[in-house]
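> Quick one: sequence plus predicted model below, questions after.
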Amino acid sequence: MALDAKLGDTLNEQINRELYSAYLYLTFADYYEDRGLKGFANWYMVQVQEELAHAKILRRYLLDNDYQVKMLAIAQPDKTFSNDLEPLEAGLEHERYITDSINHCYQLASDAHDFRTMQLLDWFVKEQGEEETNASDMVKNMKLFGGDPKGLYDLDREYQARVFTAPTMPM
Ligand code: OFO
């Protein structure tokens, strides 16, 4: 079954959103690197790899379904931060936005009775649940412990341990 044109274009735009996510999280990593919080910077550098992986999964899917992928311009993140909590809150807000856009893709796939694409997007729906939980936990942890130098140090150590594990292709 050929991919519905609107669905294809929307998935193509989703590639761009995933690449923008990577770009946004690079700016977060830069902020924390500058602050001397290398664990937080590491956490976001791992997140950059995750976002690139999400973009690559969607690209592969579109190519495999004979859709001509277009690499769209990536917007410049306009984030400037005045404290260590702000990037974390911006991250949570951003992941909620990405969840909405994945849900929109799912709706289009469902409307088109495209069960193959729905199966792909099942993986992304689950992944977004994890993304939001991670982002929300980071906000909570910072609010609970970040005000104390030792608490902040411990959080930084914890985030230093994060390593990237490539997601297995859901298809
Ligand atoms: Fe791709 O999950 Fe975050 O944005």
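Okay, I see it.
> Every contact and neighbour count from this point should use C-alpha atoms.
Noted.
> touching the ligand at all, stretch 71-85?
No - on the criterion CA under 6 Å from any ligand atom, stretch 71-85 is out of touch with the ligand, staying 13.3 Å away.
> List the contacts of that stretch.
Residues outside stretch 71-85 that contact it (CA atoms under 8 Å, 6 or more residues apart in numbering): 13, 16, 19-20, 23-24, 27, 31-32, 87, 139, 142-143.
> Just the buried positions in it, please.
Burial within stretch 71-85, assessed by neighbour count using 16 or more other CA atoms under 10 Å, is assigned to 84-85.
> quick one: which of the contacts of stretch 71-85 is nearest residue 102?
residue 13 (10.7 Å; CA to CA).
> Next one, pLDDT for the closest one please.
Predicted confidence (pLDDT) for residue 13: 98.
> May I ask which helix or strand encompasses the nearest residue to it once chain neighbours are set aside?
Nearest residue to residue 13 in three dimensions, chain neighbours excluded: residue 72, at 7.6 Å (CA to CA, 6 or more residues apart in numbering). For residue 72, there is no helix or strand it lies in under DSSP states H and E.
> can you check residue 165 too?
Assigned by DSSP H and E, residue 165 falls within no helix or strand.
> since we're on it, how many residues are nearby?
The burial count assigned to residue 165 is 10, neighbours taken as other CA atoms under 10 Å.
> Strands - which of the contacts of stretch 71-85 land there?
Counted as lying in strands by DSSP state E, out of those, is not a single one.
> Just read off the phi/psi values of the residue nearest to residue 13.
Main-chain torsions, residue 72, degrees, to the nearest 10: phi -90, psi 160.
> need the contacts of stretch 71-85 in CSV with distance to the ligand and neighbour count, can you?
CSV is the format used below for those (distance: CA to the nearest ligand atom, whole Å; neighbours: other CA atoms under 10 Å):
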residue, distance to the ligand, neighbour count
13, 13, 20
16, 10, 19
19, 8, 24
20, 8, 21
23, 10, 19
24, 9, 23
27, 14, 21
31, 18, 22
32, 18, 21
87, 14, 22
139, 15, 21
142, 19, 18
143, 22, 13
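> what's the spacing between residue 55 and the ligand?
Between residue 55 and the ligand the distance is 7 Å, computed by CA to the nearest ligand atom, to the nearest Å.
> buried set for the one helix or strand that residue maps to?
Using DSSP H and E, residue 55 sits in helix 38-64. Applying a neighbour-count criterion of 16+ other CA under 10 Å, one finds 38-59, 61-62 buried in helix 38-64.
> Stretch 117-124 now?
Across stretch 117-124, burial judged by 16+ other CA under 10 Å covers 117-118, 120-122, 124.
> Good, wrapping up.
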